[in-house]
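Asks: here is the input, now give the coordinates:
(4 chains)
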2 protein chains.
Amino acid sequence: MPDPDEAYLQIGEVAERTGVTQRTLRFYEEKGLLRPPTRMDGGFRLYSEQDVKRVEHIRRLQDLLGVALAEIKEMVDAEEVLRELRAQYRPDSAIDEKRRQLERAIDVVQGQYSIVKQKTEQMEEMKAQLKERLKTFDRWMKELNELEAKEPVAPA
Amino acid sequence: MPDPDEAYLQIGEVAERTGVTQRTLRFYEEKGLLRPPTRMDGGFRLYSEQDVKRVEHIRRLQDLLGVALAEIKEMVDAEEVLRELRAQYRPDSAIDEKRRQLERAIDVVQGQYSIVKQKTEQMEEMKAQLKERLKTFDRWMKELNELEAKEPVAPA
DNA sequence: CTTAACCTTGACGTAGGCGTTAAGCCGCGC
DNA sequence: GCGCGGCTTAACGCCTACGTCAAGGTTAAG
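Replies: Numbering: from 1, shown residues only, chains lettered A, B, ... in the order given. Got it, this is the predicted structure:
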């Protein structure tokens, strides 16, 4: 029972705000990356702000890490578990269960972290190389200009 | 006329060393990402160490930047231009031509640089978030453990 | 009650990046 | 000189991540 005050976005608005197409939103739903949104009587999907954030998150993961949607599903699923954990803060004393979930979540996030860490390192390296290269180019350009100064373009 | 002392790798070895399949190597050649290698009499491709490095470079660009092969082709092409520039260091006085090439190369590399820069920034941000999250999880885990201490597992 | 804008579910299409045969040469050790 | 592993081209296949109709239902405004 999602707070009726909060679920108000139609698919078109979500699409516009997130920059993805409606097709993509339905596709993500099919693939389990977005939980099926609530619907109004006629069947129109009604999204929440939460969903918008989720879409943005998915896109960041896609763009930055370049991982497949299947993997992204794993990641967002793990995060979902956490929401549950936080919500049902002590329903009964199934502590072991919670611990297992938490451990799983930690695993997933550590996985993400190491990926991100590795990638940032490699990218820093690449960035440095590119910077070096630009410097070299500047030098060359200067040399070219000096060369031209000595050897005039259209000698009389 | 590529130095005959240097061109000695067959496609299988290149594949093994770079971690891509032979199909991929031929595919890259088709797409113009790898220059057609020299062949031995029977038609077997003969690659150089240069080629190996090139493949590794292509893969880094793919993995890190996640850009399409067409774009990667642009990038490596621009780099090729530079090799030529460096090689024919002053064949004649076509200085303007060289300047144009150099400017083009600078453009390409600056493009790469800004992409890499933006991505690294975003990834640093993501990294920080993940770190925060891991800390939160640790706290939760501790809370769970303390909770268990107070409420023994199997009360007599 | 009509109409325009928005939405629904299929279902087929597509571009990129290779994988996978198939059918047949090449090279080299014995 | 033959046999076997490595290589060749050609062609079709496949998966991902959507794009693009098509045919029709829904909503809100007037």
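
Asks: so what's the residue minimising distance to the centre of chain A up against?
Replies: A centroid search over chain A (Cα atoms, centre = their mean) returns residue A:60, at 1.8 Å, as the residue closest to the centre. Residue A:60 is in contact with B:122, B:126, counting by Cβ atoms under 8 Å, 6 or more residues apart in numbering or on different chains. From N, CA and C alone the C-beta is placed, and that goes for glycine too.

Asks: got the buried residues for the helix or strand harbouring it?
Replies: Taking DSSP states H and E as the criterion, residue A:60 maps to helix A:49-60. Residues of helix A:49-60 classed as buried: A:51, A:54, A:55, A:57, A:58, A:59 (neighbour count, 16 or more other Cβ atoms under 10 Å in any protein chain shown).

Asks: out of those, which comes closest to chain B?
Replies: For chain B, the nearest member of the buried residues of helix A:49-60 is residue A:57. The distance, counting by Cβ to the nearest Cβ, is 10.0 Å.

Asks: show me what the helix or strand in which residue A:98 is found is packed against.
Replies: Residue A:98 is part of helix A:95-150, with elements assigned from DSSP H and E. Taking 3 or more Cβ pairs under 8 Å, 6 or more residues apart in numbering or on different chains; DSSP states H and E as the contact definition, the neighbouring helices and strands of helix A:95-150 are helix A:69-87, helix B:95-150.

Asks: just give me the lowest mean pLDDT stretch among those.
Replies: For the helices and strands packed on helix A:95-150, the bottom mean pLDDT is recorded on helix A:69-87, which sits at a mean of 84.

Asks: can you tell if it touches DNA strand C?
Replies: No: taking Cβ under 7 Å from any atom of the strand as the criterion, helix A:69-87 and DNA strand C are apart, separated by no less than 12.7 Å.

Asks: pull that helix out as CSV, backbone CA atoms only.
Replies: Once side chains and other backbone atoms are set aside, the C-alpha atoms of helix A:69-87 remain, and they are given as CSV (Å, rounded to 0.1, in the frame of the first residue of the first chain):
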residue,chain,number,x,y,z
LEU,A,69,21.4,-4.8,-17.1
ALA,A,70,21.4,-8.3,-15.6
GLU,A,71,24.2,-7.2,-13.2
ILE,A,72,22.5,-4.0,-12.5
LYS,A,73,19.5,-5.9,-11.5
GLU,A,74,21.6,-7.8,-9.0
MET,A,75,22.8,-4.5,-7.5
VAL,A,76,19.5,-2.8,-7.2
ASP,A,77,17.9,-6.0,-5.8
ALA,A,78,20.5,-6.0,-3.1
GLU,A,79,19.6,-2.5,-2.3
GLU,A,80,16.0,-3.3,-2.1
VAL,A,81,16.7,-5.9,0.5
LEU,A,82,18.2,-3.1,2.6
ARG,A,83,15.1,-1.0,2.3
GLU,A,84,13.1,-4.0,3.7
LEU,A,85,15.7,-4.4,6.4
ARG,A,86,15.3,-0.8,7.4
ALA,A,87,11.5,-0.9,7.2
